[in-house]
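**Q** coordinates for the following, if possible.
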Amino acid sequence: MTEPANISKVIVVGAGPAGLILALLLSKGNIAVDIYDAGDGLDSAPRATHYSSPSIHELRRAGIIDDVRAMGFSPDGVTWRDINGKVLAGLSTASLPEQDKMLCLPLNKLMVIIKEHLDRQANVHIYWGHKVVNLHQDQAQAHIVMQTLEGEKTASADYIVGCDGANSQIRRSLFGDMAFPGRTWEEQIVATNVYYDMKPYGWADANFIIDRDNWGMVAKIGTDGLLRITYGDIPGLTREELIARQPMKFKQFLPGRPDPDKYKVVNISPYKVHQRCAESLRVGRFLLAADAAHLCNPFGGLGLTGGLVDVGNLYDCLYGIHRGLADESILDRYSEVRRQKYNDIIDPVSSANIRRLWSDPAKVVEDDEFFHMCATASKDPGFSQKMQLGLNAIMHDFRKEYRPVGHAVPV
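**A** Sure thing, here's the model as predicted:
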């Protein structure tokens, strides 16, 4: 039997949700982790909010699912509506087993939970204010060079994982600043967090609006009534122009057509969205995961979901190497499988999700095969469950690729 490789340390660059979950999994697998982040603390922006079955699987493995359930809630379902609120299609979560139902919790609150669990792990250290500027590797270790307030520092580990987001310096250093294959959507997106009383209108917890000019999403994201309202606007406008148009946009598509005195905007953030995937998720002892590895538009939550599945898979690969259950070639398999899942599922499904919002609402129910499936699901609970759990196809169990030896594998 091959002796365990005994990985002495893994460095995770980026203290976002994926990086923190990876660190928590590794630490519980008795692998020491150092986390380096350019910021001065956890990101307080709410950002993503919904966790579907593949994400829940990884949150459960990390040992934090009970805390997430206690702070969040399970949405009752999702509807697609025209601009007047007419339901075009819908999916109810009533057919799903409780353990598989989607959970909702703003990402900033999730990261606080993860950080609390990391603080209990003696083999994890987080370093803030460390910006990666360069990297190199040799046969024994990978190395990063960072700028800090105390000057330039270097850190080394058996493996270094870039979880440092869409503008990943790890990815840029490995492949070049412009090497991130894919495309940028022309459409402009504006994301807001808003308090607005939706009870009088009878909408579901999550709603998509289908309209060529006023497409978007209205979803409850907090137990206190906080909503995420994300919508499309005219491309090419400045941030200031987009923010100035927000009251007019809400007046056009929100139920009740409210004036600004009827709601409270907590956050507003215009941004562009992308569909991109790195040409490889492994270069020697450097690895990529989550937004550093691939990007997609936010409609359907596949970016966060794909990122959490990435780090769960990467943990299994690194743990397998650490315990002598796999050799380093399993990291090439990690890159191959995660890129395949992106290209075959995440990219086409998320692209269809956003394009659906631009459809003609008078024709989409008849023309869209997805809506035909929703109609079947509304009458057949078994089909509804199978349909809603279909996203589990982005998962992969690398533990099945371990060598057949007697080590127990943590779940």
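**Q** residues in contact with the closest residue to Ala290 other than its chain neighbours?
**A** Nearest residue to Ala290, sequence neighbours excluded (C-beta to C-beta, 6 or more residues apart in numbering): Gly307, at 3.0 Å. Yep, even glycine has a C-beta here, placed from its N, CA and C like the rest. Applying C-beta atoms under 8 Å, 6 or more residues apart in numbering, one finds that Gly307 lies in contact with Pro17, Ala18, Ala289, Ala290, Asp291, Ala293.
**Q** and if you look at Leu25?
**A** Contacts of Leu25 were listed using C-beta under 8 Å, 6+ apart, and they are Glu58, Arg61, Ala62, Val311, Gly312, Tyr315.
**Q** report the two of these separated the most.
**A** Of all pairs drawn from those, the one with the largest separation by C-beta to C-beta is Arg61 and Val311; the distance is 10.3 Å.
**Q** who has more neighbours, these two?
**A** Relative neighbour count places Val311 above the other of Arg61 and Val311, with 27 against 18, counting by other C-beta atoms under 10 Å.
**Q** from Lys264, how far off is that one?
**A** Remark: distance between Val311 and Lys264 (C-beta to C-beta, to the nearest Å) = 35 Å.
**Q** how far away is the residue nearest to the spatial centre of the chain from Ser384?
**A** With distances taken as C-alpha atoms, centre = their mean, Leu304 lies nearest the centre of the chain, 0.7 Å away. Separation of Leu304 from Ser384 (C-beta to C-beta) stands at 23 Å.
**Q** tally of neighbours for Ala62?
**A** The number of residues near Ala62, taken as other C-beta under 10 Å, comes to 25.
**Q** oh sorry, the question was meant for Gln139
**A** One way to gauge burial is a neighbour count; for Gln139, by other C-beta under 10 Å, it gives 6.
**Q** could you shift the numbering so residue one becomes 37, and keep it that way?
**A** That works, and once the first residue is 37, the last one we named lands at Gln175.
**Q** tell me the secondary structure at Leu367.
**A** Following DSSP: H, G, I helix; E, B strand; the rest coil, the label given to Leu367 is helix.
**Q** quick one: the strands in the stretch 37-186 of the chain?
**A** Secondary structure of the stretch 37-186 of the chain by DSSP state E, counting those that start in this stretch: the strands cover 46-49, 69-72, 86-87, 113-117, 123-128, 139-140, 160-163, 167-173, 178-184.
**Q** and Ala125, what is it in contact with?
**A** Ala125 makes contact with Thr115, Trp116, Val401, Phe406, Phe407, Cys410, Ala411 under the criterion C-beta under 8 Å, 6+ apart.
**Q** I'd like those residues laid out as TSV, including secondary structure and distance to Ile206.
**A** Putting the contacts of Ala125 into TSV (DSSP: H, G, I helix; E, B strand; the rest coil; distance: C-beta to C-beta, whole Å) gives the following:
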residue	secondary structure	distance to Ile206
Thr115	strand	40
Trp116	strand	38
Val401	helix	45
Phe406	helix	36
Phe407	helix	40
Cys410	helix	40
Ala411	helix	45
